[in-house]
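Visitor: Predicted structure and sequence below. I'll ask about it afterward.
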Amino acid sequence: MTRRSAIATCVAALALVVAVATTSTPPTATPQAAPVAAQPTSEPAKEGHGGAAEAAEQAEETQERLEALEQAREAGTLRVQTSALALDPAPGWAGEHVLNAATDDWEPAIAADPNAPYVYVLATRYAAKPCSGNCPTPWMALSVSKDGGATWGKQRPLCACKGSGQFDPIIEVAPDTGAVYALYMNGYNVVFVRSTDHGKTWSKPVPTYGKVSWNDKPVLAVSDNGRDVYVSWNGPKGGDPWLAQSHDAGKTWTQTRLASTAIYYYAYDADVTSTGRVVIAEGAVTYGSSTGLDGPTEVHAFVSNDRGTTWTDVLVDSVPPSIPCADCRADYYAGHVALSADARGAFTIAYDAPTTDHGLQRIYVRRSINGRDWSARVAVSTDGEHATAPMLESIGDGDVRLVYYQTAQGGNLDRWNVWFRSSDDGGATWTTAVKISDASGGAAYKARAGFGEVYGDYGEMAITAAGNAIAAWGEGPSYLGPGGVWINRQT
């Protein structure tokens, strides 16, 4: 994902767009107006998807990561020494391990088949190109486990397709069929691929964006039967939230703008209940002219009860801007949202938010039976530490699992750990937090107190067919890395 620190100069609308109108409601309130039907929309193409300034920033950041990778390789600090991990796993956990000890992996996505032992991980890999010629850097590295995450097969490219770079992987499994669906950005175009043989082969990439000129930061939700596929990404003008939806398992797509405001949206999570209700969770940040975040951060839930025909925009919370990252983008820690529905169709949402202007963040959760009316928020991370990027999954009747990054040593942004909590009542109460980033050595960026930096704008969690949580996240020495994708699972 390429999140912007100076959005106002990056993108501008070039044409009028026929957009969806939505209702907006405060937390715990009932919408006062009926949603308006979504209509297909299009937007003429524009040179430089995402805007010339964004494309230049993306290319510069990629080059800086590749240079950092080469410097670490020359210094002999790249490879993780797995024999020196010094694991201290929490009871009921296997202990964390790195997905690949000898490469630079960032920002993973993970999905588990609820009815079979397959688990899938995608990582954004900054390394040698997966093919010759016009082949992308970075690229999507796919790993498949056939035993619930205990062991993993050989990593391979999801698609060694033409393009300058692949970013922002998302992966899901259709529960009834076991088909695996994935998204990624090819430059500033979000494409969709599908596998029906447990990830052995994949369809050719299908564009989700129609005539919308650029798209960034996608999220994916799939109906139980796999026919209804919902994708949200931000796009013109200046970070508006869009919906791309398919009702033929990803073969064809229509696009709708969900809102048009001055605030910049990032889609982070989504779910479809067994009854077909769709909720998309997004964080929206306010950018200043040059200093990063300069206004409220909002948590939104876009809700549809009619398979994407109409949508309601629910304002779940509005909070102050986050503390900026000292050595990376000012918005790096802000605006993350996670959402999941249990088997009853009840939703839990988790998000990071400070209580004071540019202050330390905590992780908060809320509950809802319909995606529109939400309970009061409950803090689940430690007061006095800085927390970010929650990961959430639910099964059964209120069985919710939560993973998040949190600083060690009183908000020290140079030391991080990853923590797990669970709830058996939909998020009303929680178990004691346990640390699952439990290796205290083996990598240049790991120590007993924690690792150096959150590596990636998000991580993800899944629940296996055996009912065990499995999470994948990024750790590194700094924002530019090189770092790795780490995995831990319940046993």
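Guide: Everything's here; your move. Remember, it's a predicted structure, so these values are computed and weren't measured experimentally.

Visitor: so what's Gly250 up against?
Guide: Tyr181, Phe192, Arg194, Ser203, Val206, Val229 (C-beta atoms under 8 Å, 6 or more residues apart in numbering). Bear in mind the C-beta positions are built from the backbone N, C-alpha and C, glycine included.

Visitor: Now name the helix or strand holding the fourth one.
Guide: For Ser203, there is no host helix or strand (DSSP states H and E).

Visitor: Next, it: phi, psi?
Guide: When read as degrees, to the nearest 10, the backbone of Ser203 gives phi -70, psi 160.

Visitor: Can you tell me the closest non-neighbouring residue to it?
Guide: Arg194 (4.7 Å; C-beta to C-beta, 6 or more residues apart in numbering).

Visitor: before we move on, the earlier item: most neighbours, which of the contacts of Gly250?
Guide: Val229 (27 neighbours; other C-beta atoms under 10 Å).

Visitor: Could I get the phi/psi values of it?
Guide: phi -130, psi 130.

Visitor: do Glu57 as well
Guide: phi -70, psi -40.

Visitor: thinking again about what came up before, which residues pair with the residue nearest to Ser203 across the strands?
Guide: Following DSSP bridges, Arg194 is listed with bridge partners Tyr181.

Visitor: residue contacts, it?
Guide: Ala179, Val180, Tyr181, Ala182, Trp202, Ser203, Ala249, Gly250.

Visitor: which SS class is Ala338?
Guide: Per DSSP: H, G, I helix; E, B strand; the rest coil, the secondary structure class of Ala338 is strand.

Visitor: tell me the contacts of it?
Guide: Ala338 neighbours (C-beta under 8 Å, 6+ apart): Tyr268, Asp269, Ala281, Ile349, Ala350, Tyr351, Pro390, Met391, Leu392, Leu402.

Visitor: Quick check: nearest residue in space to it, chain neighbours excluded?
Guide: Leu392 (3.7 Å).

Visitor: Okay, buried residues for stretch 415-432 please.
Guide: Neighbour-count burial for stretch 415-432 flags Arg415, Trp416, Asn417, Val418, Trp419, Phe420, Arg421, Ser422, Ser423, Gly426, Gly427, Trp430 (criterion: 16 or more other C-beta atoms under 10 Å).

Visitor: ok, which pair from the residues you listed is furthest apart?
Guide: Largest separation among the buried residues of stretch 415-432 by C-beta to C-beta: Arg415 and Gly426, giving 32.3 Å.

Visitor: Which helix or strand contains the nearest residue in space to Val378 that is not next to it in sequence?
Guide: Nearest residue to Val378 in three dimensions, chain neighbours excluded: Val365, at 5.3 Å (C-beta to C-beta, 6+ apart). For Val365, the enclosing helix or strand under DSSP H and E is strand 361-368.

Visitor: Which neighbouring elements make contact with that strand?
Guide: Here strand 361-368 touches strand 312-319, strand 347-354, strand 378-379, strand 387-395, strand 399-408, going by 3 or more C-beta pairs under 8 Å, 6 or more residues apart in numbering; DSSP states H and E.

Visitor: count of residues packed around Thr312?
Guide: Thr312 has 21 nearby residues by other C-beta under 10 Å.

Visitor: That one against Arg372, yeah?
Guide: Yes - using C-beta atoms under 8 Å, Thr312 is in contact with Arg372, at 6.3 Å.

Visitor: Any figure for the gap between Trp430 and Val365?
Guide: Per C-beta to C-beta, to the nearest Å, Trp430 is found 8 Å from Val365.

Visitor: what do these two both touch?
Guide: Val378, Val380, Leu402.

Visitor: Of the residues you listed, which is the most crowded?
Guide: Leu402 (29 neighbours).

Visitor: Model confidence score at the nearest residue to that one once chain neighbours are set aside, please.
Guide: Spatial nearest neighbour of Leu402, excluding adjacent residues (C-beta to C-beta, 6+ apart): Arg421 at 5.0 Å. Per-residue pLDDT puts Arg421 at 98.

Visitor: ok so Arg421 is a strand residue?
Guide: Yes - Arg421 forms part of a strand when assessed by three-state DSSP.

Visitor: At which residues are the strands of the stretch 101-250 of the chain located?
Guide: Taking DSSP state E, counting those that start in this stretch as the test, the strands found in the stretch 101-250 of the chain are 104-112, 119-126, 139-145, 156-157, 166-173, 180-186, 189-195, 206-207, 216-222, 229-235, 240-246.

Visitor: Spit out the contact partners of the residue lying closest to Gly288 once chain neighbours are set aside.
Guide: Nearest residue to Gly288, sequence neighbours excluded (C-beta to C-beta, 6+ apart): Asp294, at 2.8 Å. Contacts for Asp294 (C-beta under 8 Å, 6+ apart) come out as Thr286, Tyr287, Gly288, Pro321.

Visitor: Considering those, which is situated nearest to Gly481?
Guide: Each of these was scored against Gly481 by C-beta to C-beta, and Tyr287 proved nearest at 24.8 Å.

Visitor: The closest one: how many residues sit nearby?
Guide: Neighbour tally, Tyr287, other C-beta under 10 Å: 26.

Visitor: same thing with Ser246?
Guide: That count, for Ser246 with other C-beta under 10 Å as the rule, works out to 21.
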